[in-house]
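Chemist: prediction below, plus the sequence it came from.
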Amino acid sequence: AQTVTQSQPEMSVQEAETVTLSCTYDTSENNYYLFWYKQPPSRQMILVIRQEAYKQQNATENRFSVNFQKAAKSFSLKISDSQLGDTAMYFCASVGHFGNEKLTFGTGTRLTIIP
Amino acid sequence: NAGVTQTPKFQVLKTGQSMTLQCAQDMNHNSMYWYRQDPGMGLRLIYYSASEGTTDKGEVPNGYNVSRLNKREFSLRLESAAPSQTSVYFCASRTGTGHEKLFFGSGTQLSVL
């Protein structure tokens, strides 16, 4: 079974500051994949960053990076130099290795960037 | 460059009515998904299909049925709609390789009165 938990329903931060969104997960898989998706008010779902569990190096994409703690089953998202366009819902998600396609999401964190 | 096409975009039903949400993708993806999104609940997986001819239950399958008609199409049916099924429904697809991202449809806003 896979479960994803996001314990911060809402967060806000001043523009240009750094913010970290938390995500924990539980899985019985040995290999799995983790994702952060962004959903702006347009309702479009946008992939922010992804991490392969067997890679120890934390993934980075420009201002977005993750802190992946496999033993603790933690996968937090750090947004540096936050911008007004980062205002959105953020969802953490997980899926198993090839052959297990059950892709589940957390409940989301609503992030507001304050000018 | 259609991607994932989901119809209809809006629907209002009366309790007890039935309807089918249609989803088609033109990216030759193996895996297809149906999610519902409710405030405070995130995206909850209803059903998914890892390949043509297979379907599996997700987290909240009760009250829904699905059909993977072929590799392109994955429909979601509500046999007897209930107010608790008022939600935004998203269809999504991906290749089926572990790290590949999901491609989403634009969503269906369903209200059951």
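Modeler: Okay, I see it.
Chemist: give me the residue at the spatial middle of the chain.
Modeler: Unless you meant another one, I'm taking chain A. By Cα atoms, centre = their mean, the mean C-alpha position of chain A lies nearest to A:Trp36, the distance being 3.2 Å.
Chemist: actually, chain B is the one I wanted.
Modeler: Note: chain B centre (Cα atoms, centre = their mean) maps to B:Trp34, 2.8 Å.
Chemist: thinking A:Val4 is in contact with A:Gly108, fair?
Modeler: No - checked against Cβ atoms under 8 Å, the pair A:Val4 and A:Gly108 is beyond contact range at 10.1 Å. The way it works is simple: take the backbone N, C-alpha and C, and place the C-beta from them, glycine included.
Chemist: any regions of chain B where pLDDT drops low?
Modeler: Along chain B, the model assigns pLDDT under 70 to residues B:1.
Chemist: same question but for chain A, I mixed them up
Modeler: For chain A (pLDDT under 70), the answer is A:1, A:98-99.
Chemist: residues from it in reach of chain B?
Modeler: By Cβ under 8 Å from any Cβ of the partner chain, the part of chain A that sits against chain B consists of A:6, A:9, A:31-33, A:35, A:37, A:43-45, A:47, A:50, A:52, A:91, A:95-99, A:101-108.
Chemist: just to revisit the earlier point, where's the residue nearest to the centre of chain A relative to B:Leu13, distance?
Modeler: A:Trp36 is 34 Å from B:Leu13, where distance means Cβ to Cβ, to the nearest Å.
Chemist: using the three-state scheme, assign the residue nearest to B:Ala50 when sequence neighbours are not counted.
Modeler: Leaving aside its sequence neighbours, B:Ala50 sits nearest to A:Glu101 (Cβ to Cβ, 6 or more residues apart in numbering or on different chains; 4.0 Å). A:Glu101 carries the three-state label coil when classified by DSSP: H, G, I helix; E, B strand; the rest coil.
Chemist: wait, A:Glu101 sits on A:Val95?
Modeler: Yes - with contact defined as Cβ under 8 Å, A:Glu101 and A:Val95 form a contacting pair (6.7 Å).
Chemist: so those two - more neighbours on which side?
Modeler: Taking neighbours as other Cβ atoms under 10 Å in any protein chain shown, A:Glu101 and A:Val95 compare with A:Val95 leading, 25 against 22.
Chemist: and the strands in chain B?
Modeler: B:4-7, B:10-13, B:19-25, B:31-38, B:42-49, B:56-57, B:64-68, B:74-78, B:87-94, B:103-104, B:108-112 (DSSP state E).
Chemist: next one: chain A
Modeler: A:3-5, A:10-14, A:19-21, A:24-26, A:32-39, A:46-52, A:60-61, A:64-69, A:74-79, A:88-96, A:104-105, A:109-114.
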